[in-house]
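Undergrad: let's see this in three dimensions:
(2 chains)
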Amino acid sequence: MVGARPWLNILTHVILILGVLIVAFPIYVTFVASSHELEALLQTPIPLVPGGELLNNYTAALTKGAKAVGAPVGVMMLNSLVMALGIAFGKIAISIIAAFAIVYFRFRFRMTAFWMIFITLMLPVEVRILPTYKVVADLGMLDTYGGLIIPLIASATATFMFRQVFLTVPDELAEAARIDGAGPLRFFWDVLLPISRTNIAALFVILFIYGWNQYLWPLLITTDESLYTILIGINRMLAAGDDQAEWQIIMATTMLAMLPPVLVVVSMQRLFVKGLVETEK
Amino acid sequence: MAGINLRGVVKAYGKTQVIHGVDCTIVDGEFLVIVGPSGCGKSTLLRMIAGLELITGGEISIGDRVVNDLEPAERDIAMVFQNYALYPHMTVYNNMAYGLKIRGLAKADIDARVRKAAEILALDDDLLRRTPRQLSGGQRQRVAMGRAIVRQPSAFLFDEPLSNLDAKLRVQMRLEIKKLQKDLGITSVYVTHDQVEAMTLGHRLLVLNAGIVEQIGAPIELYEHPATLFVAGFIGSPAMNLLPARIGEDGGRVELSGGDGLPLPPGRFAAHAGRTVTAGIRPEHFEMVADDQSNGHGVARLAVDVVEQLGADTLVHGHFGTDRGVLTVRLNGTQDLQSRQVLPMSVQPELIHLFDPDSGRRLGG
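TA: Got it, this is the predicted structure:
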């Protein structure tokens, strides 16, 4: 684009490669550390080539976990998965229905409802965490999956996004469906959902990662080790007290924690990009 | 199959009234075209028949049922939209079958109907399997009509179905729609702003202006006897020339504002003698004559400004005498004319239309 100057080509590649190295290096170190024995990691300098304990460390992490925490990482991953999926599907379900109501029905205080949802965009989880905790505690949902998932489901962002998506759907489509005899729910199910498919996929990727990376909320409401999510687990592993933290297990757990979001992004990348850029309905 | 009856139909949005009482009877099998400039309320009127807009006042019946409070699906109509409104994620086949599926028809029955419609519209199997995205504009239009046909409704409603097509395709689809309507014999209401489309398609035209019906009648009737100034100016291309004028004291002559005069049919305007009027003369009704023909009183002198050669005919833009208003004259064949040339013109008396300039109504029947 700038022109075919070889030194410029080399320069841009050097900068790009440097950037990749800077981003990738900590991940590489984590990976290397997860393949050594604890003793090797306690020396300086720490090793920079993979060791031979890879399989042992990962098996130990998945089945037994660290000594400081009573739950194996396998269980934690399952908890994280349940929570992330619950939040992603819950948010999509709730917000797509809310957006459907706001865009396609003319009820009293419609705009009021929309603006109230919109205003909550300004309140992140952390701001309303104390009242939410109180509510969840009073409902007896501490240390349950419900308590982990439900308070995080209400989503103004997703509602807003689906509203924008629905607004790009031509009115005539809804009218054609009305003439075809499709009631509101059939229209929603047969027409609106399929044509929002890519947007749902894009949102799913974002929300899955959001749910997977939740830290403060699960930290607050789970005390039962069998309900720990993987991020909480990593944190608890570090707090080994007087014992030596088992770094090889912690590093293996960290790698495992990275895996599902990466898988989701990679496998849904095509739909994800399509959902964000596609405008034609 | 059924006729459609509109009685005093009114539409208002809040306090703003946009349709001011439309009365019209569309008989079974008729093709009625609602025509008017944009914003005149023609689409609103159609959507009220379809049931997509609530009816503020009056009554609409399809067949012998009053449909005011019926859902669109219960009115037994099918509609073709300007942007086709095909379901983008369904194949052509499913687009046509969807409405039938909802109505709970048997699979075999649906298949038979879709195949038949596809055959009528020359949509082959390969096309039936595609999605609307993979079709051209004309094909999408056909599918939209197919979706209407499979329902076997008592009326078709068309909302400017051709305006998204290019000029050539529009002419072709226009013929197809006309033929289709004739073959199926289904009552149709068609909305357009294009008067050529209206003239060629409709058995009758309903000219709507600012929510008021100006005239309802057969295309030729509207052309030959426009009831109002609006219809006169709207129907016909190029548009009718409308000139400020005065009827002579004896009622036998109309004095144009440029100073010239033309003869009127004897007796018809006697009651209006001396009145200020708007004279309407179609461009194609002017005849070039030798200057001293018709005894000197039947000639208006056209000063030529611009000449447009179209091959089959020639459009001359000019003005009469001292009048600065531009008018258009259409002459047959190619004419060797120069700017600033003065052409003597005559018009057959019966082809001069006179209107009341205030009310816009036609004078002299």
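Undergrad: got a list of what the closest residue to chain A within the stretch 101-250 of chain B touches?
TA: Nearest residue of the stretch 101-250 of chain B to chain A: residue B:102, at 4.5 Å (Cβ to the nearest Cβ). (Glycine included, C-beta is placed from N, CA and C.) The contact partners of residue B:102, taken as Cβ atoms under 8 Å, 6 or more residues apart in numbering or on different chains, are A:180-182, A:186, B:73.
Undergrad: at 7 Å what do you get?
TA: A:180-182, A:186 (Cβ atoms under 7 Å, 6 or more residues apart in numbering or on different chains).
Undergrad: against residue A:187, how distant is it?
TA: 10 Å (Cβ to Cβ, to the nearest Å).
Undergrad: assign a three-state SS to the residue nearest the centre of chain B, would you?
TA: The residue lying closest to the centre of chain B (Cα atoms, centre = their mean) is residue B:198, at 3.2 Å. Under DSSP: H, G, I helix; E, B strand; the rest coil, residue B:198 falls in the helix class.
Undergrad: and it, what's its pLDDT?
TA: pLDDT, residue B:198: 92.
Undergrad: residues contacting it?
TA: B:33, B:35, B:192, B:205 are the contacts of residue B:198 under Cβ under 7 Å, 6+ apart.
Undergrad: and for the residue in the stretch 1-150 of chain A positioned nearest to chain B, the neighbour number?
TA: Here the stretch 1-150 of chain A gets closest to chain B at one residue, residue A:106, 11.2 Å apart by Cβ to the nearest Cβ. If you count neighbours by other Cβ atoms under 10 Å in any protein chain shown, residue A:106 ends up with 5.
Undergrad: sticking with it, tell me its helix or strand.
TA: Element membership for residue A:106, per DSSP states H and E: none, as it lies in no helix or strand.
Undergrad: can you redo the contacts of residue B:102 as CSV with distance to residue B:260?
TA: Putting these into CSV (distance: Cβ to Cβ, whole Å) gives the following:
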residue, distance to residue B:260
A:180, 61
A:181, 63
A:182, 64
A:186, 68
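Undergrad: which of the residues you listed tops the neighbour count?
TA: For the contacts of residue B:102, neighbours tallied by other Cβ under 10 Å; top is residue A:180, 25 neighbours.
Undergrad: now do the contacts for it.
TA: Here residue A:180 is in contact with B:73, B:98-99, B:102 (criterion: Cβ under 7 Å, 6+ apart).
Undergrad: of those, grab the buried ones for ChimeraX.
TA: Only the buried entries of these go into this ChimeraX selection, using 16 or more other Cβ atoms under 10 Å in any protein chain shown:
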select /B:73,98,99,102
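Undergrad: show me which pair in the contacts of residue A:180 is furthest apart.
TA: B:73 and B:98 (11.9 Å; Cβ to Cβ).
Undergrad: enumerate the residues of chain A near chain B.
TA: Contact residues, chain A versus chain B (Cβ under 7 Å from any Cβ of the partner chain): A:170, A:172-173, A:175-176, A:178-182, A:186, A:191, A:194-195, A:281.
Undergrad: chain center to the helix ranked longest in chain B: distance?
TA: If you go by DSSP state H, chain B has its longest helix at helix B:167-184. Chain-centre distance of helix B:167-184: 15 Å, with Cα atoms, centre = their mean, to the nearest Å.
Undergrad: tell me the pLDDT of the residue of the stretch 1-150 of chain A closest to chain B.
TA: So residue A:106 comes in at 88 (pLDDT).
Undergrad: for residue A:20, same thing?
TA: On the pLDDT scale, residue A:20 gets 95.
Undergrad: and stretch B:45-60, how far out from the chain middle?
TA: That offset, for stretch B:45-60, works out to 21 Å (Cα atoms, centre = their mean).
Undergrad: identify the residues contacting that stretch?
TA: For stretch B:45-60, contacts defined as Cβ under 7 Å, 6+ apart pick out A:175, A:178-179, B:4, B:6-12, B:19, B:21-22, B:34, B:44, B:66-68, B:70-72, B:75, B:77, B:79, B:157, B:159, B:189, B:191, B:208.
Undergrad: the closest residue in space to residue B:30 that isn't next to it in sequence: neighbour count?
TA: Once flanking residues are discounted, residue B:30 sits nearest to residue B:203: 5.1 Å by Cβ to Cβ, 6 or more residues apart in numbering or on different chains. For residue B:203, the neighbour count with other Cβ under 10 Å is 16.
Undergrad: quick one: contacts for residue B:203?
TA: Counting by Cβ under 7 Å, 6+ apart, residue B:203 touches B:30-32, B:218.
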